[in-house]
Each structure stands twice: as structure tokens, then as C-alpha cells.
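K.L.:
sequence first, predicted coordinates after that:
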Amino acid sequence: MPNVQKETEADLIPIFIMGKRYLVPESLTIMKAIEYAGYQFIRGCGCRGGICGACSTVYRKAGDYKIYSGLACQTVVEPNMYLTQIPFFPALRREYDYETMEPVAESIYQLYPELFRCVACNACTKICPMDVQVLDYISALKRGDLEAATRISFDCIQCGLCASRCMGELPQYHIAQLARRLHGGKLAPRAEHLRQVVESIAAGKFADVMEELKALPVDELRKLYTERELEPAMSDEQWRPSNNAGL
Ligand code: FES
């Protein structure tokens, strides 16, 4: 049952879910508004933080020709927004044997020849909720530049909205994922500090600390996690294999 009795009518706005009108608080995201209306997510919802890409959503507004899009966990509802469940976009991911693949653009061309159907309309970039320059990484791949495609697509969250707008029917996010796998796994230099840490973990160096952490109350654990020291992001220069061989 809709949960509208908790708010006064003045705080609520109408939205339409599967054609049915609901009144929901105007400050909610699409995801929370749908839950507020009484629905439960068992799919299409993951991190709730704009990172996992599971909640890509298209919607319409009354009297407006356009189809809008966004992440349901990040996009705030608007009056008379129309939300409807639609089937998936058929962005096919090809199967491949990663171990035997050469880390060159031709490997991608063989699996995704539709790459060359791109007409550079840039609709993919315009719809991306992460502001990834989708057309730029597709163009980089056409030039055979795996490194650039990896770097430019790095913030992709695999939501698939790019593919939903592509007149060439490219599954851009699958293509970029393969580029990152090939570059990251077969071309980029190994991170020496990471190898050392993995070895020390395997040798049991952190076993005692891990036991201590497991015994902590959740609040303390959360505080530690929030205040943890983060590794700084790599600069563009560090991305170049010739520049970070010493990492
Ligand atoms: S639920 Fe993960 S991006 Fe929205």
C-alpha cells in the first residue's frame, strides 16, 4: 500500500509508476520514491550510491516529447514524471577466451565489428550519467589506442545507457570493459607495491589485525572505514606504461 499518510499533501508531488498516480515527497530519488509508493526492488538496484550502474532508468514527463534518463538512485523525482518498466536494451556482450587474446585493438574489432558503425553522433556521451566521454573512447579504439580507451572509460559504471541511444547499435560499455581488461591485465605494468602487499597477506601478516577488526562493534568499524587512508588517484601521466614502470 502507498505510504502517503506520513506526509501532508503540500509536501508531496504526483508521479506515475506503471500508469498509476502516486503522491511522493519531492526530495526523494526515483528509487526511494518507488519504494515509498510501496514497491520493492529485488533487481535493478545495487549500491544506491551511483557506482554500480544497476539502476539505469528512462522516464518521460507529461507533455514533453523527450525520453529522459538517469540513475534511479541519484535522480530526484519531478512532478508528473512517468516511470515504466521496460525490457532490457539488447547490448550483447560477446564471449571470448581472455587468456589467449592479444592485447591489441584488432582483438576488439574481431569481437565487436560494429565499432565501425559509429557515426560520431555523440548521443552516447550526452546520456552518460558519469560524464564519461564515450565517443572519445570509441574513437580512440578505432585508432587502435587501447591505453586511451582504458583511461577515458575508467569511470564507466556499466549502466548501459550509452547503448540505449546508439543508432549504430554498439554495446559501448562492453567494448570499453574489454579494452580495460586487455590493457590492465596484459599491457599495464604490474604494481610492485600491490604484489608485495598480496604476498604479505598470504604470509599472514595481517591475520591478527583482521581478528581484531572482526571483533569490533559495527559503529567503530564504520568509523574506521570512513576515516581510512585512500590511495591517491593516478595522474594522466602515470597511466602511460613508459612512465610508471617503476610503480
Ligand atoms: S543502485 Fe548502484 S548506481 Fe544506482
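P.N.:
Done, it's in.

K.L.:
would you tell me which residues of the protein are close to the ligand?
P.N.:
By C-beta under 6 Å from any ligand atom, the residues of the chain that approach the ligand are 45, 46, 47, 48, 50, 51, 52, 53, 54, 55, 71, 73. In short, each C-beta sits where N, CA and C put it, glycine included.

K.L.:
tell me which residue is most central in this structure.
P.N.:
Nearest to the mean C-alpha position of the chain, by C-alpha atoms, centre = their mean, lies residue 157 at 1.4 Å.

K.L.:
OK, contacts around that one?
P.N.:
Neighbouring residues of residue 157 by C-beta atoms under 8 Å, 6 or more residues apart in numbering: 50, 51, 52, 53, 129, 130.

K.L.:
again, only using 7 Å
P.N.:
51, 52, 53, 130 (C-beta atoms under 7 Å, 6 or more residues apart in numbering).

K.L.:
you'd agree it is in a strand?
P.N.:
No: read with DSSP: H, G, I helix; E, B strand; the rest coil, residue 157 is coil and lies in no strand.

K.L.:
how close does it get to residue 66?
P.N.:
23 Å (C-beta to C-beta, to the nearest Å).

K.L.:
same check, this time on residue 228
P.N.:
42 Å.

K.L.:
please report the distance of the nearest residue to residue 49 once chain neighbours are set aside from residue 153.
P.N.:
What sits nearest to residue 49 in space, not counting adjacent residues and going by C-beta to C-beta, 6 or more residues apart in numbering, is residue 73, at 6.8 Å. Per C-beta to C-beta, residue 73 is found 21 Å from residue 153.

K.L.:
re earlier: of all the contacts of residue 157, which comes closest to the ligand?
P.N.:
The ligand has its nearest neighbour among those in residue 52, at 3.4 Å by C-beta to the nearest ligand atom.
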